[in-house]
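In: return a 3D structure for these sequence lines:
(one chain, ligands or ions: 1)
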Amino acid sequence: MKLANHAATLSFSNGSPNIELPIYSGRMGPDVIDIRKLYGQTGMFTYDPGFLSTAACQSAITYIDGDKGELLYRGYPIEQLARQCDYLDTCFLLLKGDLPKIQERKDFHQLIISHTMVHEQMQFFLRGFRRDAHPMAVLTGLVGALSAFYHDSTDINNPAHREIAAIRLISQMPTLVAMAYKYGVGQPYMYPRNELSYAGNFLRMMFGTPCEDYQVNPVLEHALDRIFILHADHEQNASTSTVRLCGSSGTNPFAAIAAGVACLWGPAHGGANEACLNMLEEIQRQGGVAHIGRFIEQVKDKSTGIKLMGFGHRVYKNYDPRAKLMQETCHEVLANLGLDNDPLFKLARELEKIALEDDYFVQRKLYPNVDFYSGIVQRAIGIPVNLFTGIFALARTVGWMAQLNEMIGDPEYKIGRPRQLFTGSAPRDVKPLEER
Ligand code: SDX
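Out: Next up, the predicted model:
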């Protein structure tokens, strides 16, 4: 970042002296006012619950232009990456800063594919869960448990440890997500196969059984790989900020990523794809397209607390570019599976059309986000609804690791420790029990 050619002057109506705050510019996007000296110079904090106007760090990984609906990973538009690259190319890009050359690509793909097995003890860890446990509860536990198996790569300040942890996590997340699924359905775990692609391996571990050979459907393989690309990173979203804050204490990479998994689970964040599919199924139960108008009225009536899941975004005030690509993938998968008339897909497109013409959504700049169509395509692939967020976590692991690496590698980084506006009780003395 570079010093902008102007500064901010903060003046106070109570006659306190003005203070000058430097302004910095990045490559693109809003400038920032550096308030690091504010408390020391004024004895006051800034106040920004939810961080609507706060840049918590500088980053060179992902850029989002919310007004234009643009998403760039290391400068490359998501549309080009989704159409011309695969997920492991994207992992290399996010971790190392540029797309791999021919030999780098071969080596990285081989490195990932050949580290997909988890420690054999992991299967016994799963046994502690109820069979009907939510996969995200299981995954949060499994990812955190990895730090118990890899004592050789837990020093977050050691770049080599962070590199090894990143490779292990990217390689093993598909295996862990598939194990969480198999445990829930009571089927035997499928060991990864090194001759398959990253997405193909995941499909086989999910839907293959020891009873017969599993044929990977190339259309589903390609669709899943694209879903992984679209979810790989997204600037300083809630789970990425959680990983950064957790990692800033110096904890090991596996623990920091487990914190990200736990945060992603929430319905306002990564859990929205599961919530969106459940919403569409509920509208379908209530009458389908004919019920959309009534549902939209319920959403607009704040007292219902009902939100149009898969719509709206803190940054995008235009169409989420990932939603467009996800809709395209939906078409491809449903056509390949002969589900062109999938009622939920038709319902989703009608719901989107009606919402985008409704003033309530237009005024609030609410558009479909990545989660609006992802549930429909995952359901068509055969992924159970309660595993959608697990797929999101699988794909986002590389983004979390890239962001964690960037933070730890930044000489300016400190442990994250926000302050507060205290509104509680003034000092008071403890009274004896009989006088309370
Ligand atoms: C992800 O941050 C990221 O980058 C996240 C993500 C990533 O890749 O990491 O993109 C992934 O989490 C996508 C978002 C998935 N969540 C959902 O689809 C859940 C539904 N969406 C909303 O909960 C909401 O839009 C958020 C949480 C996504 C954003 O909330 P904000 O930015 O805090 O906005 P807000 O709640 O202040 O909304 C502004 C207005 C409010 O109305 P008013 O008070 O102005 O009258 O819009 C309304 C909100 O009530 N609103 C919605 C709505 N989203 C916002 N009303 C109905 N349905 C919605 N979905």
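
In: for stretch 282-302, which positions count as buried?
Out: By neighbour count on 16 or more other CB atoms under 10 Å, the buried set for stretch 282-302 is 283, 291-292, 295-296, 299. Any C-beta I mention is one placed from the backbone N, CA and C, and that applies to glycine too.

In: cool, and stretch 186-201?
Out: By 16+ other CB under 10 Å, the buried positions in stretch 186-201 come out as 189-190, 192, 196-201.

In: do stretch 375-389 as well
Out: Judged by neighbour count using 16+ other CB under 10 Å, the buried positions of stretch 375-389 are 375-381, 383, 385-389.

In: close to the ligand: what parts of the stretch 251-400 of the chain are there?
Out: Residues of the stretch 251-400 of the chain lying near the ligand by CB under 6 Å from any ligand atom: 268-270, 272, 299, 307-315, 364, 366, 369-371.

In: one more pass at 8 Å, please.
Out: Applying CB under 8 Å from any ligand atom, we find that the stretch 251-400 of the chain lies next to the ligand at 264, 267-270, 272-273, 275-276, 299-300, 302, 306-316, 320, 322, 360-361, 364, 366, 369-372, 392, 396.

In: what residue in the stretch 1-150 of the chain comes nearest to the ligand?
Out: Residue nearest to the ligand within the stretch 1-150 of the chain (CB to the nearest ligand atom): residue 50, separated by 6.3 Å.

In: okay, that residue: pLDDT?
Out: If you check residue 50, the pLDDT there is 94.

In: pretty sure it sits in a strand.
Out: No: secondary structure of residue 50, determined by DSSP: H, G, I helix; E, B strand; the rest coil: helix, with no strand assignment.

In: out of the buried residues of stretch 282-302, which are inside strands?
Out: Judged by DSSP state E, those include no members of strands.

In: and residue 22, what does it touch?
Out: Counting by CB atoms under 8 Å, 6 or more residues apart in numbering, residue 22 touches 3-4, 7-8, 33-34.

In: mind running it again at 10 Å?
Out: 3-4, 6-8, 32-37 (CB atoms under 10 Å, 6 or more residues apart in numbering).

In: those into JSON lines, with extra columns for pLDDT?
Out: Below are the contacts of residue 22 laid out as JSON lines (pLDDT from 0 to 100):
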{"residue": "3", "pLDDT": "80"}
{"residue": "4", "pLDDT": "79"}
{"residue": "6", "pLDDT": "84"}
{"residue": "7", "pLDDT": "91"}
{"residue": "8", "pLDDT": "94"}
{"residue": "32", "pLDDT": "96"}
{"residue": "33", "pLDDT": "96"}
{"residue": "34", "pLDDT": "96"}
{"residue": "35", "pLDDT": "96"}
{"residue": "36", "pLDDT": "94"}
{"residue": "37", "pLDDT": "93"}
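
In: which of those residues are buried? Put it as a PyMOL command.
Out: This is how PyMOL selects the buried members of those, with burial counted by 16+ other CB under 10 Å:
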select buried, resi 4+32+33+34+35
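
In: quick one, helices of the stretch 201-350 of the chain?
Out: Applying DSSP state H, counting those that start in this stretch to the stretch 201-350 of the chain gives helices spanning 218-230, 238-247, 253-264, 272-285, 292-300, 321-336, 343-357.

In: still on that earlier bit, can I get the buried residues of stretch 375-389 in CSV with distance to residue 243, secondary structure and pLDDT?
Out: Shown next, in CSV, are the buried residues of stretch 375-389 (distance: CB to CB, whole Å; DSSP: H, G, I helix; E, B strand; the rest coil; pLDDT from 0 to 100):
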residue, distance to residue 243, secondary structure, pLDDT
375, 24, helix, 90
376, 28, helix, 89
377, 26, helix, 91
378, 23, helix, 94
379, 28, helix, 92
380, 30, helix, 91
381, 27, helix, 93
383, 24, coil, 95
385, 25, helix, 93
386, 23, helix, 94
387, 21, helix, 96
388, 20, helix, 95
389, 16, helix, 95
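
In: dump the residues you listed into CSV; add distance to residue 82 as well.
Out: Below are the buried residues of stretch 375-389 laid out as CSV (distance: CB to CB, whole Å):
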residue, distance to residue 82
375, 18
376, 17
377, 13
378, 16
379, 20
380, 18
381, 17
383, 19
385, 24
386, 26
387, 22
388, 19
389, 20
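
In: phi and psi next, for residue 341.
Out: Taking degrees, to the nearest 10, you get phi -100, psi 20 for the backbone angles of residue 341.

In: hang on, it packs against residue 347?
Out: No: Residue 341 lies out of contact with residue 347 (CB atoms under 10 Å); the separation is 11.2 Å.

In: look at these two and report which has more neighbours.
Out: A count of neighbours by other CB atoms under 10 Å puts residue 347 above the other of residue 341 and residue 347, at 19 against 8.

In: part of a strand, is residue 4?
Out: Yes: applying three-state DSSP, one finds residue 4 inside a strand.

In: grab the nearest non-local neighbour of it.
Out: Spatial nearest neighbour of residue 4, excluding adjacent residues (CB to CB, 6 or more residues apart in numbering): residue 23 at 4.1 Å.

In: one step back: which one of the buried residues of stretch 375-389 sits closest to residue 110?
Out: The shortest approach to residue 110 among the buried residues of stretch 375-389 belongs to residue 381, at 26.1 Å (CB to CB).

In: without its sequence neighbours, what residue ends up closest to the closest one?
Out: The spatial neighbour of residue 381 that comes closest, neighbours along the chain excluded (CB to CB, 6+ apart), is residue 220 at 5.2 Å.

In: can you pull out the helices in the stretch 1-150 of the chain?
Out: Assigned by DSSP H, counting those that start in this stretch, the helices in the stretch 1-150 of the chain fall at 38-42, 78-84, 87-96, 102-113, 122-126, 135-149.

In: before we move on, the earlier item: tell me which of the helices of the stretch 201-350 of the chain is the most buried.
Out: The highest mean neighbour count among those, using mean count of other CB atoms under 10 Å, belongs to helix 253-264: a mean of 25.

In: and it, how far from the chain's centre?
Out: Mean C-alpha position of helix 253-264 versus that of the full chain (CA atoms, centre = their mean, to the nearest Å) differs by 11 Å.

In: for stretch 378-386, same thing?
Out: Centroid separation for stretch 378-386 versus its chain: 18 Å, with CA atoms, centre = their mean.

In: with stretch 62-75 instead?
Out: Per CA atoms, centre = their mean, the centroid offset for stretch 62-75 relative to its chain is 15 Å.

In: all good on my end, thank you.
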